[in-house]
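> Quick one, fold the following:
(chains A and B)
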Protein chains: 2
Amino acid sequence: MGRWPTGSRARLQEAALRLFVERGYEATSVAEIAAAAGVTERTFYRQFGDKREVLFDRDRTLEQGIVDELGQSPPGRSPLEAVGTALDQAASAFFADRLTFARTRQVVVDAHLELREREALKMASMTDAIAATLQRQGVDATAARLAAEMGIAAFKVAFAEWVSPDNTESLTDLLHSAMARLRNLVTE
Amino acid sequence: MGRWPTGSRARLQEAALRLFVERGYEATSVAEIAAAAGVTERTFYRQFGDKREVLFDRDRTLEQGIVDELGQSPPGRSPLEAVGTALDQAASAFFADRLTFARTRQVVVDAHLELREREALKMASMTDAIAATLQRQGVDATAARLAAEMGIAAFKVAFAEWVSPDNTESLTDLLHSAMARLRNLVTE
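Below is the predicted model:
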């Protein structure tokens, strides 16, 4: 199950987000992030590769969490049900107690094209990983891809609602609502 | 209705794709693309902004075509039906007789992270534009977003099948099949 990173990785992410908010994303250097987290620049690059990635590394961990949950899905579930449950379990555990970070992070991401671009790519990668897992479980390629896309669609909607400033609902509840509405849209 | 670009824009896109295939994406400069298309570098930058965008500009036109079709959607259709029809009409007209270009282009895009990233962002932008159009027509924000995401999911699946080397089906037929399978996934 994917967990929020700890140690120097977490410190770098917290420091980066704080500096991005205080000074702006462009104006903050990797050297400053590393210094604020008390590590070397080399450690930063070993962990994240580039400045953008410091806001996204957790998504790769989330992706692994979703794939792990999906791999343990009981047989007999429809692909869409299996994806919905895996997303719910992985994301709820992953983002537990991280609403404040996620909210601030989203404001920074939404304000920068190159961050939105990286986010879109991460979502596409998560969709690919889910589709590949479903295919390994015997779902045909097209159905696997569509079920993965629909699950991620519901996840994106629920996540955007969750991080919106006035939300008070849990990510789990929002994800359940989004999946239910998605089903309604098809049958109406 | 969005149309495939003509004039210097189209010449630049054809020249760029040819050079990317012959010499590789990284090894091709904007100066070389401009020279091959018989225009100045300045014209290139005015049309596309950067090297990546030469393979994507048409998507902005496609986005406009989809939004226009959706705006003319007869009342009483469900959001998902309206999106499916708009995608079908806009994309079929837009890509008519462009299968060879689209196929070659996809091979180049799939091979480069920065191009896949731009493509993911374009798809997100198209989804946003569809959702915004549905909202203007009175669909609530969540339903608009989910219907847009589902339509784009079906479009991505159909488009990938359409450009695959051994495909002989039309984009329209593949889009209809993808929408039908999407509906089946929800009801099974």
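
> after the worst-scoring helix or strand of chain A on mean pLDDT, next one along is what?
Each helix and strand of chain A was given a mean pLDDT (mean pLDDT, DSSP states H and E); the minimum falls on helix A:57-71 at a mean of 84. Next in sequence after helix A:57-71, counting helices and strands by DSSP states H and E, comes helix A:79-95.

> Please work out the angle formed by the directions of the very next helix or strand once past that next one and helix A:57-71.
Sequence-wise, the next helix or strand downstream of helix A:79-95 (DSSP H and E) is helix A:99-110. Angle of helix A:99-110 versus helix A:57-71, following axes from the mean of the first three to the mean of the last three Cα atoms, to 10 degrees, is 110 degrees.

> Is chain B within reach of helix A:99-110?
No - Helix A:99-110 does not reach chain B (Cβ under 8 Å from any Cβ of the partner chain); its nearest approach is 11.5 Å. Bear in mind the C-beta positions are built from the backbone N, C-alpha and C, glycine included.

> Can you identify each of the helices in chain A by residue range?
A:7-23, A:30-37, A:41-48, A:57-71, A:79-95, A:99-110, A:113-136, A:141-163, A:171-187 (DSSP state H).

> Just give me the lowest mean pLDDT stretch among those.
Within those, confidence is poorest for helix A:57-71, with a mean of 84 (mean pLDDT).

> okay, now residue A:162: neighbour count?
Per other Cβ atoms under 10 Å in any protein chain shown, the neighbour tally for residue A:162 reads 21.

> Residue A:26 now?
Residues lying near residue A:26 (other Cβ under 10 Å) number 10.

> swap in residue A:90?
23.

> Distance check, the nearest residue to it once chain neighbours are set aside against residue A:17.
Of all residues not flanking residue A:90 in the chain, residue A:65 sits nearest, at 3.8 Å (Cβ to Cβ, 6 or more residues apart in numbering or on different chains). Separation of residue A:65 from residue A:17 (Cβ to Cβ, to the nearest Å): 21 Å.

> distance of residue A:170 from chain B?
16 Å (Cβ to the nearest Cβ, to the nearest Å).

> Check residue A:66 too.
From residue A:66 to chain B the distance is 17 Å (Cβ to the nearest Cβ).

> Check residue A:143 too.
Residue A:143 is 6 Å from chain B, by Cβ to the nearest Cβ.

> how about that residue, what does it touch?
Residue A:143 is in contact with A:79, A:134, B:181, B:185, counting by Cβ atoms under 8 Å, 6 or more residues apart in numbering or on different chains.

> Next, give me the two most distant ones among those residues.
A:134 and B:181 (13.3 Å; Cβ to Cβ).

> For those two, indicate the residue with more neighbours.
Under the neighbour definition other Cβ under 10 Å, residue A:134 and residue B:181 were set side by side, and residue A:134 has more, 26 against 18.

> and the angle for the least confident helix or strand of chain A with helix A:113-136?
20 degrees.

> Not counting helix A:57-71 itself, show me its contacts.
By Cβ under 8 Å, 6+ apart, the list of residues contacting helix A:57-71 reads A:1-5, A:9, A:13, A:47-48, A:82-83, A:85-87, A:89-91, A:93-94, A:122, A:125-126, A:129-130, A:133-134.

> From the chain's centroid, how far away is that helix?
Chain-centre distance of helix A:57-71: 9 Å, with Cα atoms, centre = their mean, to the nearest Å.

> Kindly report the same for stretch A:73-85.
The answer for stretch A:73-85 is 20 Å, by Cα atoms, centre = their mean.

> how long is that stretch end to end?
8 Å (Cα to Cα, to the nearest Å).

> for stretch A:30-50, same thing?
Using Cα to Cα, the two ends of stretch A:30-50 sit 8 Å apart.

> So which bits of that stretch are buried?
A:30, A:33-34, A:36-37, A:39, A:43-44, A:47-48 (16 or more other Cβ atoms under 10 Å in any protein chain shown).

> Can I get these in CSV including distance to residue A:177?
Converted to CSV, the buried residues of stretch A:30-50 look like this (distance: Cβ to Cβ, whole Å):
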residue, distance to residue A:177
A:30, 40
A:33, 37
A:34, 41
A:36, 38
A:37, 37
A:39, 41
A:43, 41
A:44, 39
A:47, 36
A:48, 34
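
> between those residues, which is nearest chain B?
In terms of Cβ to the nearest Cβ, no member of the buried residues of stretch A:30-50 lies closer to chain B than residue A:48, at 15.4 Å.

> dump the residue contacts of the residue nearest to the closest one when sequence neighbours are not counted.
Once flanking residues are discounted, residue A:48 sits nearest to residue A:54: 4.8 Å by Cβ to Cβ, 6+ apart. Residues near residue A:54 by Cβ under 8 Å, 6+ apart: A:12-13, A:16, A:33, A:44, A:48.

> Now the two most distant members of the residues you listed.
A:13 and A:44 (10.5 Å).

> Might you report the residue contacts of residue A:20?
A:28, A:55, A:108.

> go again using 10 Å as the cut-off
Shown in contact with residue A:20 (Cβ atoms under 10 Å, 6 or more residues apart in numbering or on different chains): A:26-28, A:33, A:51, A:54-55, A:104-105, A:107-109, A:111-112, A:115.

> List buried residues within those residues.
For the contacts of residue A:20, buried by 16+ other Cβ under 10 Å: A:28, A:33, A:51, A:54-55, A:105, A:108-109, A:112, A:115.
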